[in-house]
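Undergrad: I'll drop the sequence and a predicted model, then ask my questions.
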Amino acid sequence: MSYIQIAIIIGSTREQRFAKTVADWFVSRAEIQQGLKLDVIDLAEACLPAVLPYDNDPATAAYVKRIAKAEAFVMITPEYNHSFPASLKQAIDVAQTEWHAKPVAFVSYGGMGGGIRSVEHLRAVLPEVHATSIRNTVSLHNVWKLFDEQGNFIEPERYNNSVDAMFAQLVWWANALIAAKAKAIYPA
């Protein structure tokens with residue numbers, strides 16, 4: 001059986017972030033999907049430098065290698081001030097050709113908007129690194145009410161079908177782009 005290598009990128013690096021709670025639930029659901037190999041990249045632990053240039057930085061080199069190895073991505077993003085976090089923008093910018101012709105899905109979270117504005121901004125950024133965003137997105141509205149005090153999802157069945165549909169679409173795109181790149185070099 002062949003596997004699709006998927007990098008799950010946890011986009012928030014704030015100390016009081018809710019990202020880890022969302023990521024723990026999402027990764028547990030991702031682990032039951034068939035035919036995937038998962039690499040969870042927590043940007044809070046990636047140690048990407050905040051100042052350019054990134055040349056000869058071992059943390060950046062290690063991160064870029066993980067992006068290169070992935071065949072598809074899921075970005076877990078909060079919505080901060082109507083957009084996605086600067087840490088996620090930096091993570092996109094430090095890699096370039098490593099994103100080319102690869103699909104990206106999103107898990108967003110926030111208040112009433114569920115992080116949708118962060119996803120819309122990411123959809124505008126990703127074509128610049130030649131990545132393809134997919135339509136199906138998991139959006140967690142009023143996220144703080146969805147988990148109990150121990151970080152357990154109160155009603156995961158409400159979102160399980162959305163996660164499964166997102167992965168079905170992400171895997172389809174990954175397979176299509178892998179096949180296309182096997183036939184011809186991507187014209188960046």
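TA: Received the coordinates, thanks. Numbers count the residues shown, from 1 in each chain.

Undergrad: residue contacts, the most centrally placed residue in the chain?
TA: Nearest to the mean C-alpha position of the chain, by Cα atoms, centre = their mean, lies residue 75 at 1.5 Å. Residue 75 makes contacts with 9, 11, 88, 104-107, 122, as judged by Cβ atoms under 8 Å, 6 or more residues apart in numbering. Every C-beta, even on glycine, is put in place using the N, C-alpha and C of the backbone.

Undergrad: Secondary structure of residue 76: a helix, I assume?
TA: No - counting by DSSP: H, G, I helix; E, B strand; the rest coil, one finds residue 76 to be strand, located in no helix.

Undergrad: just the strands in the chain please.
TA: When assigned using DSSP state E, the strands of the chain occupy the ranges 4-10, 36-42, 72-78, 103-109, 132-140.

Undergrad: List the neighbouring strands of the third one plus their orientation.
TA: Translated: strand 72-78. The strands beside strand 72-78 in its sheet (DSSP bridges) come out as strand 4-10 (parallel), strand 103-109 (parallel).

Undergrad: Strand 36-42 and the first one, what's the angle between them?
TA: Read that as strand 4-10. Using axes from the mean of the first three to the mean of the last three Cα atoms, to 10 degrees, one finds that strand 4-10 and strand 36-42 are set 20 degrees apart in direction.

Undergrad: Now tell me what touches strand 4-10 from outside.
TA: The contact list for strand 4-10 (Cβ under 8 Å, 6+ apart) reads 19-20, 23, 26-27, 30, 35-44, 66-67, 69-76, 88, 91, 170-171, 174-175, 178.

Undergrad: what about that strand, average pLDDT?
TA: Model confidence over strand 4-10 averages 98 on the pLDDT scale.

Undergrad: and that strand, which residues are buried?
TA: Neighbour-count burial for strand 4-10, counted by 16 or more other Cβ atoms under 10 Å, picks out 4, 6-10.

Undergrad: Now for these: which two are most distant?
TA: The span of the buried residues of strand 4-10, defined through Cβ to Cβ, is set by 4 and 10 at 19.3 Å.

Undergrad: in stretch 154-164, what's buried?
TA: Buried residues in stretch 154-164, counted by 16+ other Cβ under 10 Å: 159, 162-163.
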